[in-house]
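Asker: pasting the sequence and the predicted coordinates here, then a few questions.
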Amino acid sequence: MRSILVTGGAGFLGSHLCERLLERGDNVICLDNFFTGRKQNILHLMGNPRFELMRHDIVQPFVLEVDQIYNLACPASPVAYQYNPIKTIKTSTVGVVNVLGLAKRCKARVLHCSTSEVYGDPIVHPQREDYWGHVNPIGPRSCYDEGKRVAESLCINYHFQHNMEIRIIRIFNTYGPRMDPNDGRVISNFINQTLQDEPITIYGDGTQTRSFCYCEDLIRGMMLMMDQDEETGPINLGNPGEYTMLELAQEVIKQVPGTKSTITHVPLPKDDPKQRCPDITKAKTILGWSPTINLSTGLAKTVEYYRSELSRSRQLADKN
Ligand code: NAD
Ligand code: UDP
């Protein structure tokens, strides 16, 4: 039986990954500092004898014996990663060195979660893995973008210098149940605003685009990448369906019939990328992977999740 470490395992994507790995029969160690992760995301796994939770920060060294490591530890929402930018940089640099050092000692394969943000505000569209990107090294997003770029460099250099088994994926915007309702990302904001009849906050004129992948599809791709023996990456994982934020708001409104929410425009944050869409030819060819869940199906599942979260928090508030 394999022993698998998932850093950031109590977060949105990490909790789905832990769940899938346990279903498959693996032993899972979930390591998290609970900065953006929530115990609630993994509560249902706690009774499983093959699941172990470790509260730890990857910026501090740690020792474990494992066969594989999925490195997800890092805040993903711009609001969260800009809260303490220096800590974000440390997580993607010192933290990644600690993860790679551990993997080197126990000869574990590492899958590192990089991001479409390494392409910055891309000039090439859609983005292929051989595009080097367009990143402002001193802008408000740089703690995340540049951190993730250094992390890729660390991974690839450990691969070449120490002959380590590394897998790098570049994840494009991914959404679904268990995304923190307050984390400030666009899908959680729009759905929660719409469910509560609040104004839908479009940043800027709403013509900027993103491509949204449902979490189930993403986790499947992540595990396929880890478990194949040929490709180190980086490889793009995302859904090429591209939407403006105005189109996304309309899609969310459709999912919540009767909402009284209307659209409001607020200032666009600095350096907000204008367009983003993955070229997934590599993932299709090498992994045989492509997403299967379209935006309206994925949004319906996510709306359902937030609806039940809202009623749960209202019940809790009534009790207190
Ligand atoms: P998330 O914020 O829900 O999860 C990140 C998890 O890492 C949280 O549980 C957090 O507490 C934990 N963490 C953060 N810093 C840590 C540290 N120093 N030590 C230990 N734990 C730490 O975000 P997510 O959406 O689940 O993202 C998971 C990974 O995927 C991240 O590395 C992110 O950069 C990457 N990614 C996500 C997306 C997306 O759209 N969801 C897109 C691109 C890349
Ligand atoms: N956005 C928005 N309203 C919100 C939150 C975000 O219009 O309430 C926009 C944001 O400006 C960006 C896009 O939605 O253009 C995606 O933002 P998110 O923070 O989800 O992820 P990003 O891809 O920017 O890291």
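Answerer: Now that the structure is in, tell me what you want to look at. Note that the structure is predicted; figures quoted are calculated from it, not measured. Ligands and ions are numbered 1, 2, ... in the order given.
Asker: isn't residue 3 right up against residue 51?
Answerer: No. Applying CB atoms under 8 Å as the test, residue 3 and residue 51 come out as separate, 11.6 Å apart. The way it works is simple: take the backbone N, C-alpha and C, and place the C-beta from them, glycine included.
Asker: more neighbours, the two?
Answerer: A count of neighbours by other CB atoms under 10 Å puts residue 51 above the other of residue 3 and residue 51, at 20 against 17.
Asker: need the residues of this protein near ligand 1, please.
Answerer: Within the chain, the positions lying close to ligand 1 (CB under 6 Å from any ligand atom) are 7-8, 10-14, 32-37, 57-59, 72-76, 80, 91, 95, 113, 115, 171, 173-174.
Asker: among those, which ones are buried?
Answerer: Using 16 or more other CB atoms under 10 Å as the burial test, the residues of the chain next to ligand 1 include 7-8, 10-14, 32-33, 35-37, 57-59, 72-76, 80, 91, 95, 113, 115, 171, 173-174 as buried.
Asker: among the residues you listed, which are located in helices?
Answerer: Mapping these onto helices (DSSP state H) picks out 12-14, 80, 91, 95.
Asker: nearest to ligand 2 among those residues?
Answerer: residue 80 (9.7 Å; CB to the nearest ligand atom).
Asker: contacts only, for the closest residue in space to that closest one that isn't next to it in sequence.
Answerer: Nearest residue to residue 80, sequence neighbours excluded (CB to CB, 6 or more residues apart in numbering): residue 36, at 5.0 Å. Residues in contact with residue 36 (CB atoms under 8 Å, 6 or more residues apart in numbering) are 11, 75-77, 80, 180, 183.
Asker: filter the residues you listed down to the ones near ligand 2?
Answerer: Counting by CB under 6 Å from any ligand atom, residue 77 from the contacts of residue 36 sit close to ligand 2.
Asker: lowest pLDDT pick from the contacts of residue 36?
Answerer: The lowest pLDDT within the contacts of residue 36 belongs to residue 183, with 91.
Asker: where's that one, which helix or strand?
Answerer: Applying DSSP states H and E as the criterion places residue 183 outside every helix and strand.
Asker: show me the buried ones among the residues of the chain next to ligand 1 that map onto strands.
Answerer: Secondary structure from DSSP state E places 7, 32, 113, 115, 171, 174 of these in strands.
Asker: any chance of the residues you listed in TSV, with distance to residue 146 and pLDDT too?
Answerer: Compiled in TSV, these are given as follows (distance: CB to CB, whole Å; pLDDT from 0 to 100):
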residue	distance to residue 146	pLDDT
7	20	98
32	24	98
113	16	98
115	11	98
171	17	98
174	21	98
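Asker: got a list of what the nearest residue to residue 117 once chain neighbours are set aside touches?
Answerer: Of all residues not flanking residue 117 in the chain, residue 145 sits nearest, at 4.6 Å (CB to CB, 6+ apart). Residue 145 makes contact with 115, 117-118, 120, 135-136 under the criterion CB under 8 Å, 6+ apart.
Asker: please name the nearest non-neighbouring residue to whatever residue of the stretch 201-320 of the chain ends up closest to ligand 2.
Answerer: Proximity of the stretch 201-320 of the chain to ligand 2 (CB to the nearest ligand atom) peaks at residue 203, 3.4 Å away. Leaving aside its sequence neighbours, residue 203 sits nearest to residue 268 (CB to CB, 6+ apart; 4.8 Å).
Asker: ditto for residue 21
Answerer: residue 28 (5.0 Å).
Asker: was I right about that neighbour contacting residue 20?
Answerer: No. Between residue 28 and residue 20 there is no contact, the gap being 9.6 Å when judged by CB under 8 Å.
Asker: picking up where we left off before, next, count neighbours for the residue of the stretch 201-320 of the chain closest to ligand 2.
Answerer: Neighbours around residue 203, by other CB under 10 Å: 15.
Asker: phi, psi of it?
Answerer: Residue 203 adopts backbone torsions of phi -80, psi 120, taken as degrees, to the nearest 10.
Asker: how about the contacts made by the closest residue to residue 67 other than its chain neighbours?
Answerer: Sequence neighbours aside, residue 2 is the residue nearest to residue 67 in space, at 4.6 Å (criterion: CB to CB, 6+ apart). Residue 2 is in contact with 26-27, 67-68, counting by CB under 8 Å, 6+ apart.
Asker: ok, which pair from these is furthest apart?
Answerer: Farthest apart among those by CB to CB are 27 and 68. That separation is 10.5 Å.
Asker: which neighbours do those two share?
Answerer: Contacts common to residue 27 and residue 68, judged by CB under 8 Å, 6+ apart, are 2-4.
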